[in-house]
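Q: With the input below, show me the fold.
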Amino acid sequence: MTSLKPLRIALCAALCSTAPVAAVAQTINLLTEDAYPFQYLEDKKLTGMAAEVVNEVFKRAGIVHKDEMLSWKDAYDRAQVYPNTCVYSTARTENREKVFKWIGPIVENKWAAFAKKGFKGTLARPDDLTQYRVGVLQGDAKERYLKDLRVTFRVPEPDDAKNPSKLTLNRTEPDKIDLWVTGYYSGAHIAAKTGVKDVVPVWVFQSSENYLACNLGLPQATTDKLQKALDAMKRDGNHAAIIARYEAKVKAQ
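A: You can find the predicted model right below:
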């Protein structure tokens with residue numbers, strides 16, 4: 001009778017030899033939101049400043065990825081739960097530091113307060129925001145920032161596009177907001193898409209470096225490979241060229 005031992009050894013060797021290949025070929029799920037000009041849909045295709053940077057990073061690293069656009073809260077929550085999942089563009093704040101593995105920075109975002117044209121308030125320091133009713137995107141880093149300031153909120157919106165229509169110059173009008181805190185680049189774009197007119201930035205008060213934030217279960221070797229690919233893009237000028245192209249596009253609008 002033929003011994004099964006050599007067969008078992010051969011089978012084990014075959015399986016073990018294929019394991020690293022399977023790990024390398026693992027698809028990374030990239031989750032994001034609609035936030036012009038960083039990531040947005042154009043002709044049903046995901047594009048934008050951050051999207052192009054991230055796509056090039058994965059291309060250079062030789063890692064397969066799959067894109068999905070969700071609400072910010074869903075994208076952010078899923079990335080914490082599911083392995084091989086990342087979310088972008090994510091502000092790297094102190095309370096988030098140990099929640100993810102970080103690759104970046106990929107882009108820089110400016111934070112701004114928007115109001116209806118004709119706003120007469122004075123904004124010179126963060127504490128000045130506490131005088132007003134403020135709208136913000138639910139789950140965004142700006143929501144936490146405003147909570148720390150003890151700013152008066154309307155209910156944070158899961159969809160930032162619902163905030164422009166709430167803006168008013170009448171401070172006694174109920175269920176409205178005096179200011180909308182969002183991204184400087186994206187605010188005017190969102191307002192225009194929703195058909196709300198006369199929405200203008202009244203104060204740019206902060207900037208944040210945004211990252212690709214990945215589930216803690218992502219192998220460190222994968223994280224390192226992606227960071228090295230991004231660093232190489234910055235050295236050879238490719239990263240700067242992508243940023244400059246989109247900044248020119250925003251200014252031309």
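Q: okay but residue 109 is in contact with residue 90, surely?
A: No. Contact status for residue 109 versus residue 90: not in contact, 10.1 Å apart, counting by CB atoms under 8 Å. Where you see a C-beta, it was placed from the backbone N, CA and C, and this is true even at glycine.
Q: Show me the common contact partners of those two, please.
A: Both residue 109 and residue 90 are contacted by residue 210, under the criterion CB atoms under 8 Å, 6 or more residues apart in numbering.
Q: So between the two, which is more surrounded?
A: Taking neighbours as other CB atoms under 10 Å, residue 109 and residue 90 compare with residue 90 leading, 29 against 24.
Q: Whichever strand or helix holds the more buried one pairs with which strands, and in what direction?
A: Using DSSP states H and E, residue 90 falls within strand 85-91. Here the strand partners of strand 85-91, with direction, are listed using DSSP bridges: strand 28-32 (parallel), strand 199-214 (antiparallel).
Q: hey, least reliable of these by pLDDT?
A: Note on the strands paired with strand 85-91: lowest mean pLDDT is at strand 199-214, with a mean of 94.
Q: average pLDDT for the helix or strand just after that one?
A: On the C-terminal side of strand 199-214, the closest following helix or strand by DSSP H and E is helix 220-236. The average of the pLDDT scores along helix 220-236 is 98.
Q: For helix 220-236, which helices and strands make contact with it?
A: Of the remaining helices and strands, those touching helix 220-236 by 3 or more CB pairs under 8 Å, 6 or more residues apart in numbering; DSSP states H and E are helix 49-61, strand 101-116, helix 238-252.
Q: Any chance of a markdown table for these, columns distance to residue 160?
A: What follows is the helices and strands packed on helix 220-236, written out as a markdown table (distance: least, CB to CB, whole Å):
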| stretch | distance to residue 160 |
| --- | --- |
| helix 49-61 | 16 |
| strand 101-116 | 11 |
| helix 238-252 | 17 |
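Q: So which of those is nearest residue 206?
A: Taking CB to CB as the criterion, strand 101-116 is the member of those that comes nearest to residue 206, at 4.2 Å.
Q: of all the strands paired with strand 85-91, which gets the most neighbours per residue?
A: Scoring the strands paired with strand 85-91 by mean neighbour count under mean count of other CB atoms under 10 Å gives strand 28-32 as the most buried, with a mean of 22.
Q: tilt between it and helix 220-236?
A: 60 degrees (axes from the mean of the first three to the mean of the last three CA atoms, to 10 degrees).
Q: Distance from strand 28-32 to the middle of the chain?
A: Centroid separation for strand 28-32 versus its chain: 11 Å, with CA atoms, centre = their mean, to the nearest Å.
Q: Can you check the distance spanned by stretch 40-50, start to finish?
A: 10 Å (CA to CA, to the nearest Å).
Q: Residues contacting it, please?
A: Counting by CB under 8 Å, 6+ apart, stretch 40-50 makes contact with 32, 34-39, 51, 67, 69, 88-89, 106-107, 210, 242-243, 246, all of which sit outside it.
Q: do the same with stretch 70-81
A: 31-33, 35, 68-69, 85-87, 90, 99-100, 137-140, 158-160, 213-215.
Q: show me what contacts residue 140?
A: For residue 140, the residues meeting the contact criterion (CB under 8 Å, 6+ apart) are 72, 156, 160.
Q: Quick check: residue 30 touching residue 63?
A: No. With contact defined as CB under 8 Å, residue 30 and residue 63 do not form a contacting pair (10.4 Å).
Q: Tell me how many other residues crowd residue 183.
A: Summarising burial for residue 183: neighbours were counted as other CB under 10 Å, giving 25.
Q: Got the confidence number for it?
A: pLDDT for residue 183: 90.
Q: That'll do, ta.
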